[in-house]
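Engineer: From the sequence below, what's the structure:
(one chain, ligands or ions: 1)
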Amino acid sequence: MSGGRFITLEGGEGSGKSTQARRLADLLRESGHDVVLTREPGGSPGAELARAALLSGAIRPYGVEAEAVMFAAARLDHVEHTIRPALMAGKWVICDRFTDSTRVYQGAVGQVPDALLRGLEHATAAHARPDLTLILDLSPDIGLARASARAQGAQADRFEGEGLAFHRAVRAAFLEIAQADPARCVVVDAQGNAETVAQRIRSAVLSRLPEARRARVPA
Ligand code: T5A
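Structural biologist: Next up, the predicted model:
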């Protein structure tokens, strides 16, 4: 793939991924890069339909394996219609959650067999490997409190509604992924205000991908 870079943000509920993904996109645009900001599940019209089904809990009765397959179907559409075309066009893609979320939620915590998840990941993301993954690490007590303050009484979604033990396991599983793949992953302390976290992310991105600094060459 020419020119473009693929950055994913991962972490538990309310850790600030969406907030920081937006800020990172702004930063990169200010440096002259073409940026596509996207998310999972979702990020393409077909995948957004799958998102609604997954987060409403409509797929849950069919079991964790069916959910894993549905996340994969959404990813296939997203990679094909949004991520790959952008990277091929030399754009930077920032994605709020990607394959590590499946490894964590469906794999480490959901106990979907490894062989199935590996097959699904190969089928969906073999041609879209992140250059950098920022894992926003935050105590789930703080993350869930942030998410519920924002929800203002609205019902928690399929995964937010799980108990604290589930969210602690999610946090531990993300940290394990980071430990196992330090060349790709950076753990970012997600405590503190959004500006403080954004500065940590800026340092991590510039240190791992120095080309992020480059300003657009005038035409
Ligand atoms: N899932 C997803 C799987 O199970 N398998 C998969 O393969 C994939 C891709 C997605 C769900 O799907 C699961 C995981 C998820 O449970 P979602 O709605 O996209 O659902 O959920 P999240 O990604 O967790 O989104 P959230 O919005 O809950 O969390 P974010 O994006 O981490 O947090 P953000 O930035 O929206 O912030 C939450 C609130 O906190 C405030 C924000 O203003 C906002 O109100 N905030 C801060 N407050 C104080 N200090 C800071 N530093 C703050 N940063 C943000």
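Engineer: Any residues of the protein in contact with the ligand? List them.
Structural biologist: 11, 13-19, 40-41, 55, 71, 97, 101-102, 105-106, 146-147, 150, 157, 159, 193-194, 197 (C-beta under 6 Å from any ligand atom). Backbone N, C-alpha and C define where each C-beta goes, glycine included.
Engineer: Check the gap between G4 and the ligand for me.
Structural biologist: 21 Å (C-beta to the nearest ligand atom, to the nearest Å).
Engineer: What strand or helix carries that residue?
Structural biologist: Per DSSP states H and E: G4 is located in neither a helix nor a strand.
Engineer: now swap in G46 and tell me
Structural biologist: Going by DSSP H and E, G46 is part of helix 45-56.
Engineer: Ok, G153 next?
Structural biologist: Applying DSSP H and E, one finds G153 in no helix or strand.
Engineer: Could you report the neighbour count for it?
Structural biologist: Under the neighbour criterion other C-beta atoms under 10 Å, G153 is assigned a count of 5.
Engineer: Where is the longest helix in the chain?
Structural biologist: helix 164-180 (DSSP state H).
Engineer: List the neighbouring strands of the next helix or strand after it plus their orientation.
Structural biologist: Per DSSP H and E, the first helix or strand lying C-terminal to helix 164-180 is strand 185-189. If you go by DSSP bridges, strand 185-189 pairs up with strand 132-137 (parallel).
Engineer: So for the strand it pairs with, what gets flagged as buried?
Structural biologist: Of the residues in strand 132-137, L132, T133, L134, I135, L136, D137 count as buried by neighbour count, 16 or more other C-beta atoms under 10 Å.
Engineer: list the contacts for the fifth one?
Structural biologist: With C-beta atoms under 8 Å, 6 or more residues apart in numbering as the criterion, the residues that contact L136 are L9, E10, G11, G12, S15, G16, K17, Q20, V188, A190, V197.
Engineer: Let me have those residues in TSV, extended by secondary structure.
Structural biologist: TSV is the format used below for the contacts of L136 (DSSP: H, G, I helix; E, B strand; the rest coil):
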residue	secondary structure
L9	strand
E10	strand
G11	strand
G12	coil
S15	coil
G16	coil
K17	helix
Q20	helix
V188	strand
A190	coil
V197	helix
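Engineer: out of those residues, who has the most neighbours?
Structural biologist: G12 (30 neighbours).
Engineer: now it: how far from S203?
Structural biologist: As judged by C-beta to C-beta, to the nearest Å, G12 and S203 stand 22 Å apart.
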